[in-house]
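Colleague: What would the 3D arrangement of this be:
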Amino acid sequence: LGRAIHALCRIGDELYVEPEPSKLSFRAVSSSKSAYASFTFFESFFSCYKYEEGNSEEEDITCKVSMKSCLAVFRSPAHLDKQVESCQIKIEPGGVKLVFELHCHHGTIKTHYLPIIECETLEAVYRKDSVPNCLVVQSKLLTFSLTNFQQSETELSLIVSPQKMLLRNYNEDDTAVKKGVRTEFCLERGEFDHYSIGTDTSVTFCLKEFRALLQFSEAVGLPITANFETGGRPIVFVVTNSPTFESNFVFATLMPSAGNNMNNSQQSDTNTPESSRNSASFQEQCVIENDSESFPQLCISESIKDKQKDNGDEETVPGTPPPQKKPRYLFSRCFQDTFNSQMLPGYNEVLAEDSDEEVRT
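Modeller: Numbering: from 1, shown residues only. All right, here's what the predicted structure looks like:
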């Protein structure tokens, strides 16, 4: 339960709690309405589950609390596993507070009262059963794949074909692609637990919420099921442990652009050179795209050099002369020639004769 709350806190700032006769649901939605997550814990998940309906429609049990206050209850999932024996959740019809009682070791009970915020109905409309593409993969494999991407990446493209799936970082601006790093990771069909692709497509979604999904899935040790159609339609990730709980992560995807169409096999060989390039195999197309994006950068650098050369021909500006370097010595006389008295002019000329030698007695 604590790990589910931590996963939901990375989706939205408010937690929706919805009790039902045989299950308890926790939901969250992002502020931009582009990501939605729901955790449903069935009656078999709890040691004791008691549900009583309200006397009227005004006494609705569904409530909403602040995610920040809820994180204060479940600070560290690892700490909860070691210290907390059980958790009791209480909510009354028409109540103003959601109560969490943590029964810890040595008989200690911690009680948290979370104020209930005025709640509106939250319901996401999506489908995950009648979609052409379905993948089942272990969370550790996807977590390892994301280690090849930079932490600053915000969006991830998932490109599928009948034999393999590509994970690629997404950049909306072409100039960012030319200047930045383009990362692509390939997963073969045999690396999946289940791989069913009915339509070749590419979907791009937010990477932040996807990391929250991987963190929860890896913590509980369960595989991830991905159900999707095409770009522009939501992609649904499911982590389930029947019959105890089920989690659904629904992410909005970007509309596919004209340059990213995957229907290569349906194009004829008599199309334009651009179309013939798109009709190549999937691997060849990736190589061609990388080459075509690397060449313009070289052309740009060359054009800048030519422009600078032309400007230099029009107006010649003399360069700054090099500075005059004068030797500076602390003991300058040490580097001068040694003084020699014989080199002085008139050295051999005698101006006064020597005096008589003294007579010794």
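Colleague: what comes up buried for stretch 29-42?
Modeller: 29-30, 35-42 (16 or more other Cβ atoms under 10 Å). Where you see a C-beta, it was placed from the backbone N, CA and C, and this is true even at glycine.
Colleague: And stretch 85-97, by the same measure?
Modeller: With the criterion 16+ other Cβ under 10 Å, stretch 85-97 contains buried residues 87, 91.
Colleague: just stretch 120-135 next, same as before
Modeller: Buried-residue list, stretch 120-135, by 16+ other Cβ under 10 Å: 122, 128, 131, 133-135.
Colleague: Just the C-alpha atoms of that stretch, please, in CSV.
Modeller: Taking C-alpha atoms only, stretch 120-135 is exported to CSV below (Å, rounded to 0.1, in the frame of the first residue of the first chain):
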residue,chain,number,x,y,z
GLU,A,120,-15.6,15.7,-7.5
THR,A,121,-16.2,12.5,-9.5
LEU,A,122,-13.0,11.2,-11.2
GLU,A,123,-13.4,8.7,-14.0
ALA,A,124,-11.1,7.9,-16.9
VAL,A,125,-12.5,6.5,-20.1
TYR,A,126,-10.2,4.1,-21.8
ARG,A,127,-10.0,0.5,-23.2
LYS,A,128,-7.4,-2.1,-22.8
ASP,A,129,-8.9,-5.3,-24.0
SER,A,130,-9.8,-4.7,-27.7
VAL,A,131,-6.6,-3.1,-28.9
PRO,A,132,-4.3,-4.5,-31.6
ASN,A,133,-1.0,-4.3,-29.7
CYS,A,134,-0.3,-6.1,-26.4
LEU,A,135,3.1,-6.6,-24.7
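Colleague: about what we covered before: which of the buried residues of stretch 120-135 fall in strands?
Modeller: Of the positions in the buried residues of stretch 120-135, 133-135 sit in strands, assigned by DSSP state E.
Colleague: which phi and psi does Glu218 have?
Modeller: Dihedral pair for Glu218: phi -70, psi -30, per degrees, to the nearest 10.
Colleague: Just give the nearest non-adjacent residue to it, would you?
Modeller: Counting by Cβ to Cβ, 6 or more residues apart in numbering, Glu218 lies nearest to Ser139, which is 4.4 Å off, once chain neighbours are set aside.
Colleague: what does Cys87 give?
Modeller: Leu102 is the one closest to Cys87 (Cβ to Cβ, 6+ apart), at 5.6 Å.
Colleague: Please apply the same query to Lys33.
Modeller: Ala252 (7.9 Å).
Colleague: what about the one you found, neighbour count?
Modeller: Counted by other Cβ atoms under 10 Å, the residues lying close to Ala252 total 19.
Colleague: In contact with it, which residues are there?
Modeller: 33-35, 205-206, 234 (Cβ atoms under 8 Å, 6 or more residues apart in numbering).
Colleague: try Asp193
Modeller: 136-138, 223.
Colleague: Could you work out the most separated pair of the residues you listed?
Modeller: Val136 and Gln138 (8.6 Å; Cβ to Cβ).
Colleague: The stretch 101-250 of the chain: strands as residue ranges?
Modeller: Using DSSP state E, counting those that start in this stretch, the strands found in the stretch 101-250 of the chain span residues 109-115, 133-137, 155-160, 164-169, 184-188, 194-197, 201-206, 224-228, 235-241, 245-251.
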